[in-house]
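*Asks:* sequence plus predicted model, see below.
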Amino acid sequence: MRQSGRSAGKIGPLDGFSAGDVTRQASARITVATPGPGFTDVTEAVADFVAQSGLRSGLVSVFCRHTSASLTIQENADPDVQTDLLSALDSLAPRGAGYVHGAEGPDDMPAHIRTMLTDSSLSIPVSGGRLALGTWQGIYLIEHRDRPHRREIVLHAMGS
């Protein structure tokens, strides 16, 4: 259905379609020591896991086991993107906004909100034995707390 004043996008045909049995799976955990608030690039660690799994085609799941840190796929070329994203999260969930939950400090409730706005888990296709990320995409753990933490990420891959 076409909306007034807008043109509809066009969807092309399926490209590179393949099908097959799931014959392999692998799982592991990585620990990330964060320096405090900000983005930590975990792309290489996830890519290494996929390489060790032996998968040529499938899906890798990346799961953060915390409620005050999160995951995202974002641009990996210009660090200004990360600065602007942190500023946007600061404006959406500011510290000291009079939250009821404050037992763990003034940065805790905003961290929970920021995690809710981003992702706890990601699913990334594996093609040709590699992450099927776009040219400018990277996988990041976002630390939302004010001090350094040790964060655990669970990885699981399945496919063939």
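*Replies:* Yep, it's here.
*Asks:* quick one: contacts of the longest helix along the chain?
*Replies:* With DSSP state H setting the assignment, residue counts place helix 79-92 as the longest helix in the chain. Surrounding helix 79-92, the residues in contact under the criterion CB atoms under 8 Å, 6 or more residues apart in numbering are 37-39, 74-75, 113-114, 117-118, 140, 144. For the C-beta atoms, the positions are set from N, CA and C on the backbone; glycine is no exception.
*Asks:* could you point out the helix or strand that follows that helix?
*Replies:* Under the assignment DSSP states H and E, the closest C-terminal helix or strand after helix 79-92 is helix 108-117.
*Asks:* distance from the chain centre to that following helix, please.
*Replies:* When distances are taken as CA atoms, centre = their mean, to the nearest Å, helix 108-117 is centred 15 Å away from the chain's centroid.
*Asks:* give me the contact list for that helix.
*Replies:* Helix 108-117 is touched from outside by 66-70, 89, 92-95, 97, 99-102, 142, 144-145, with contacts defined as CB under 8 Å, 6+ apart.
*Asks:* tell me the angle of it relative to helix 79-92?
*Replies:* Taking axes from the mean of the first three to the mean of the last three CA atoms, to 10 degrees, one finds helix 108-117 and helix 79-92 inclined to each other by 120 degrees.
*Asks:* please save the CA atoms from the helix or strand that helix 108-117 is followed by in CSV.
*Replies:* Of the helices and strands lying after helix 108-117 in sequence (DSSP H and E), the nearest is strand 121-127. What follows is strand 121-127, C-alpha atoms only, in CSV (Å, rounded to 0.1, in the frame of the first residue of the first chain):
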residue,chain,number,x,y,z
SER,A,121,21.9,-9.8,22.3
LEU,A,122,22.8,-9.7,18.6
SER,A,123,22.4,-12.3,15.9
ILE,A,124,24.9,-12.0,13.0
PRO,A,125,24.9,-14.2,9.9
VAL,A,126,28.0,-16.2,9.0
SER,A,127,28.8,-16.6,5.3
